[in-house]
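Colleague: coordinates for the following, if possible.
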Amino acid sequence: MLALLMNGALQVLTPPTLIWLLLGAVIGLIFGVLPAIGATTGVVLFLPFTYGLDLGTAVVFLCAIYATGQYGDSVSSILLNTPGGPGTVASCWDGYPMTRKGQAARALGISTFASMLGGVAGTIGLVLLAAPLTAMAMAIQPPEYFALGVMALSLISLASRGETLKGLIMACVGLAMSFVGEDPIAGFVDRFSFGSDQLANGFPELTIFVALFAVAQIIRMLEEKGDAMERGEYSLTFRQTLDGFVDVIRRPWTVLRSIGIGLYIGILPALGVTSATIMSYLVEKKYSPDKDAFGEGAPAGLISVEVAKGTCVVGDMIPTFTLGIPGSITGAIVMTAFVLHGVQPGPAFLAAGSTPYIVFAGLALTQVLIVLIGAPFVRYFGYIVKVPNALLAPLLAVLCFVGAFVERNLVVDVVYLVGFGLFGYMMDRLGFSAISLILGLILGPLVETNFHRTLAMGYGSPYLLWTRPLTVAFLSITALFLAWPHLKALYGRRRGTNAAQYAPDDSGPFLLGQGEALFLIVVASVAVIMLFDTMNYPAKVALFPRLTLAALLLLILWRLGVAVVRRSLPALSFRLSRPTCQGGVMSWHYATAVMIGYAAAIWLVGFLLATLLFCAAVPVMLRYRRPAWILLLTFGAVSAVALFARLLNVVLPQPFWV
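Modeller: Modelled structure (predicted):
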């Protein structure tokens, strides 16, 4: 192993891989520092740009974006009390009070050094656990893989924002979307395409990722006035940053406790960085001698969050690399990079010679870059967080459209991009989890394939699902996690204590808004159409889709039925909010119209001219008053797209009449 690690380190230091690693680190840092954008958005946006790279370089590039992006997420949390992503919510609790005390640079120093220590610890854990977990992965059979897939889908639904039932509905929607195209068992190509050639090979997964996360985020940005980010002046010096390093060194027990929690949460599929940071903060608050200062600018509180976050970021990759089960949504996206390069994550990847050790060495070097890049540039972070949405939103939109086109070189993918972007925005408004949908789409082929293989091993019977010990263990864990909130509530009622503190997320008033009711009806209608379409397929091809679609309909009926019983159905009025575009913000109607206009302009006048018009028009519509910056954005974006197309030999869309 040591020889392979040394070889991997030497490979990472070769110019091509090292350049992509540095580029990923810089991109991740920028996307992380920008408020409300986040590391996952950066990984999604740049996933299409890994075409043409070898697998090791592609994964190192994406992991560098993710790792430095998660570190950068803490910057806006500390400086502006605005989380860069859900994983840095806990960073606000003591980071922002330190900023208000004039200790912003010290807090950023804590974040920089603590994130690096956590990332290095996570990488060591990944290297040490890779072999035993891979051996376990080699030993498990299709029934266990099926149970693992079900467990991952259930846990991500349980951990999703809002109610667990909504997460399960979206997981089923993602599974249903994965059925479109070729059947992974019988090779029945034309499944659920309804005569469309574009759907014969399934949905373009990269485009859907970009749409659900990045395009939905752009629409939200256009709804928000970016001037709020221009508040605040910071005294950020390198000397003060080093004081934060010393704070971390003085608290070794805090670091060790947080590493343990971050690694434990990271290994468990679907729980993610948010769970790790909050749990680490609460544990440290219990055991720290400075517990009374927590929430008022306690360095120990910020250290615990940042170390756990850095450890969990790498720990999330452990189940992804060793078992082929995503540890997080970013793990699912990285899995897509494996599929694009023809390698199945899990034992097949870890048996691929020196490639996994190139990835491990790249992860370790990325943690060092957090300090080498982060510490000297702390003084400039205050400027990055002030980039207004009027300039940032159109720039991100251009990246989205380029990424959507690059995947298959089809203009129709731009239509998918806008359509699923609006779908993702509506999901977010209604409290549904895009993460659950994405994981269902990614794991769909794995779950369906191993379901059929389990039936084949049992000669047509599913009895292996309840007779194999490891399979039963995985399914029991899933059932326990889903039932635990309700068991806890039952326990609270029997003790006669305050039931509210034991109540599960789904036990509230269960209010059903008008928008959610319409959304569920539309989803159910599509599910019914797909269910009827399965009558045209062989029984083996139709079996798993029928089970999934039936489960989806039952979950929707459960959601609607409880609302009827509790008399919380919405009034049947269909008034829409008034479209507006004033005061530097757009309503979602205008934001969607702008995105549709960009897609239409690509068809009418070609990609480059459409990009020029789009980048010039959006800031003007948002009342941005600095023409020089608008010109820089416009011609910079067009030049960058043209250069990218030239370097990678991508033929950009031309006007339809050419």
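
Colleague: tell me the helix or strand right after the longest helix along the chain.
Modeller: Looking across the chain with DSSP state H, the single longest helix is helix 104-139. Following helix 104-139 in sequence order, the next helix or strand is helix 142-159 (DSSP states H and E).

Colleague: now for that following helix, which elements pack on it?
Modeller: helix 164-178, helix 272-287, helix 434-457, helix 469-495 (3 or more C-beta pairs under 8 Å, 6 or more residues apart in numbering; DSSP states H and E). In short, each C-beta sits where N, CA and C put it, glycine included.

Colleague: what's the closest of those to Ala591?
Modeller: Evaluated over the helices and strands packed on helix 142-159, closeness to Ala591 peaks at helix 434-457, with 17.4 Å, by C-beta to C-beta.

Colleague: how about the closest one, which residues are buried there?
Modeller: By 16 or more other C-beta atoms under 10 Å, the buried positions in helix 434-457 come out as 434-455, 457.

Colleague: the helices and strands packed on helix 142-159: which one's closest to Gly24?
Modeller: Gly24 sits nearest to helix 272-287 of all the helices and strands packed on helix 142-159, at 18.2 Å, using C-beta to C-beta.

Colleague: what mean pLDDT does the closest one have?
Modeller: Averaging pLDDT along helix 272-287 gives 78.

Colleague: what's the answer for stretch 402-418, then?
Modeller: 80.

Colleague: could I get the CA-only coordinates of it as PDB?
Modeller: What follows is stretch 402-418, C-alpha atoms only, in PDB (Å, rounded to 0.1, in the frame of the first residue of the first chain):
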ATOM      1  CA  VAL A 402     -22.500  25.600 -21.500                       C
ATOM      2  CA  GLY A 403     -22.400  22.600 -19.200                       C
ATOM      3  CA  ALA A 404     -25.800  21.400 -20.400                       C
ATOM      4  CA  PHE A 405     -24.800  21.600 -24.100                       C
ATOM      5  CA  VAL A 406     -21.400  19.900 -23.600                       C
ATOM      6  CA  GLU A 407     -22.900  16.700 -22.200                       C
ATOM      7  CA  ARG A 408     -24.500  15.500 -25.500                       C
ATOM      8  CA  ASN A 409     -24.000  18.400 -27.900                       C
ATOM      9  CA  LEU A 410     -27.800  18.600 -28.300                       C
ATOM     10  CA  VAL A 411     -29.700  21.900 -28.200                       C
ATOM     11  CA  VAL A 412     -32.700  20.100 -26.700                       C
ATOM     12  CA  ASP A 413     -30.700  19.700 -23.500                       C
ATOM     13  CA  VAL A 414     -31.000  23.400 -23.000                       C
ATOM     14  CA  VAL A 415     -34.800  22.900 -22.900                       C
ATOM     15  CA  TYR A 416     -34.300  20.200 -20.200                       C
ATOM     16  CA  LEU A 417     -32.100  22.600 -18.300                       C
ATOM     17  CA  VAL A 418     -34.700  25.400 -18.100                       C
END
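
Colleague: OK, contacts around the nearest residue in space to Gly295 that is not next to it in sequence?
Modeller: What sits nearest to Gly295 in space, not counting adjacent residues and going by C-beta to C-beta, 6 or more residues apart in numbering, is Trp93, at 5.7 Å. Counting by C-beta atoms under 8 Å, 6 or more residues apart in numbering, Trp93 makes contact with Tyr281, Phe294, Gly295, Gly301, Val305.

Colleague: surely Phe194 meets Asp533?
Modeller: Yes - with contact defined as C-beta atoms under 8 Å, Phe194 counts as touching Asp533 (7.3 Å).

Colleague: show me which of the two is the more surrounded one.
Modeller: Legend: neighbour count by other C-beta atoms under 10 Å for Phe194 and Asp533, higher for Asp533 (16 against 10).

Colleague: average pLDDT for whichever strand or helix holds the more buried one?
Modeller: Under the criterion of DSSP H and E, Asp533 resides in helix 514-533. Per-region confidence: helix 514-533 scores 90 on mean pLDDT.

Colleague: which residues touch Arg429?
Modeller: Contacts for Arg429 (C-beta under 8 Å, 6+ apart) come out as Gly515.

Colleague: can you tell me the SS state at it?
Modeller: When classified by DSSP: H, G, I helix; E, B strand; the rest coil, Arg429 comes out as helix.

Colleague: so what's it scoring on pLDDT?
Modeller: For Arg429, pLDDT reads 84.

Colleague: ditto for Cys615
Modeller: For Cys615, the predicted pLDDT is 92.

Colleague: leaving out the residues flanking it, which one is nearest to it?
Modeller: Nearest to Cys615 is Thr634, by C-beta to C-beta, 6+ apart, at 4.3 Å.

Colleague: quick check: that neighbour touching Ala617?
Modeller: No - using C-beta under 8 Å, Thr634 is not in contact with Ala617, being 9.5 Å away.

Colleague: of those two, who's got more company?
Modeller: Taking other C-beta under 10 Å, Thr634 and Ala617 do not tie; Thr634 has more neighbours (20 against 17).

Colleague: what sits against the more buried one?
Modeller: Neighbours of Thr634 in contact, by C-beta under 8 Å, 6+ apart: Leu612, Cys615, Ala616.

Colleague: least confident secondary structure element in the protein?
Modeller: strand 581-582 (a mean of 60; mean pLDDT, DSSP states H and E).

Colleague: would you map the helices across the stretch 201-350 of the chain?
Modeller: 205-209, 216-223, 238-249, 252-267, 272-287, 299-315, 317-323, 329-340, 347-350 (DSSP state H, counting those that start in this stretch).

Colleague: which of these is buried the deepest?
Modeller: Mean neighbour count (mean count of other C-beta atoms under 10 Å) peaks for helix 299-315 among the helices of the stretch 201-350 of the chain, with a mean of 33.
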